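Q: I would like to see how this sequence folds:
(one chain, ligands or ions: 1)
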Amino acid sequence: MFGKITLSIIKPDAVKKGYIVPILSKIVHSGFHIIALKMTELSKTSAKKFYAEHKNKLFFESLIKFMSSGPIVSVILQKENAVKDFRILIGNTNPIHAKEGTIRNLYASSLEKNAIHGSDNNQNAFEESLFHFSNREIFFK
Ligand code: AMP
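A: Residues are numbered from 1 along each chain as shown. Next up is the predicted model:
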């Protein structure tokens with residue numbers, strides 16, 4: 001599966017605005033298979049672990065507060081070149097720079113509240129998947 005999965009999170013802003021279904025619909029219509037999915041919430045402690053690489057950034061505390069502010073949807077997606085293709089589908093981190101038709105262009109409201117997460121490389125896709133799901137929750141096709 002290494003190289004064929006990516007981990008996505010529909011973030012609290014998009015969940016609150018009712019965008020779960022339109023976002024998942026766009027993902028599936030773009031050729032990704034959902035192999036694990038759950039609606040959950042991140043505690044501050046979990047959010048800090050998930051975003052540990054950003055712990056020295058100025059936006060870290062605000063990001064942790066935001067990511068633990070309400071329900072999220074965690075999803076493992078399967079496709080050839082999943083990481084790269086998914087990052088194209090979601091668009092630039094900053095929605096102002098996200099291309100038309102990308103998920104962040106359509107559904108994000110700011111650089112922080114940018115609707116969706118996608119793993120940035122294959123190793124992180126694997127580790128982030130195991131952060132959110134146990135082996136028995138993952139159904140590979
Ligand atoms: P990344 O690991 O690049 O996806 O960054 C993690 C998340 O932190 C992004 O998806 C944004 O929600 C947030 N973020 C990244 N850069 C900034 C920034 N300069 N200011 C505020 N939030 C940011």
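Q: And the helices in the protein?
A: 12-16, 20-29, 44-50, 60-67, 82-90, 103-107, 122-132 (DSSP state H).
Q: Contacts (any at all) between the ligand and the fifth one?
A: No - legend: contact between helix 82-90 and the ligand by Cβ under 6 Å from any ligand atom is lacking; minimum distance shown is 9.4 Å. The C-beta positions use only the backbone N, C-alpha and C, and glycine is treated the same way.
Q: which parts of this structure sit against the ligand?
A: Counting by Cβ under 6 Å from any ligand atom, the chain comes close to the ligand at Phe59, Leu63, Thr93, Leu111, Glu112, Asn114, His117.
Q: Quick one, which of those residues are buried?
A: Buried members of these, counted by 16 or more other Cβ atoms under 10 Å: Leu63, Thr93, Glu112, Asn114, His117.
Q: In contact with the third one, which residues?
A: Applying Cβ atoms under 8 Å, 6 or more residues apart in numbering, one finds that Glu112 lies in contact with Phe59, Ser62, Leu63, Phe66.
Q: Spatially nearest residue to the second one (excluding sequence neighbours)?
A: Think Ser62. Spatially, and ignoring its direct neighbours in sequence, Ser62 is nearest to Glu112 (6.3 Å; Cβ to Cβ, 6 or more residues apart in numbering).
Q: Mind pulling up the pLDDT for the one you found?
A: Listed pLDDT for Glu112 reads 98.
Q: still on that earlier bit, relative to the ligand, which of the buried ones among the residues of the chain next to the ligand is nearest.
A: Proximity of those to the ligand (Cβ to the nearest ligand atom) peaks at Glu112, which lies at 3.8 Å.
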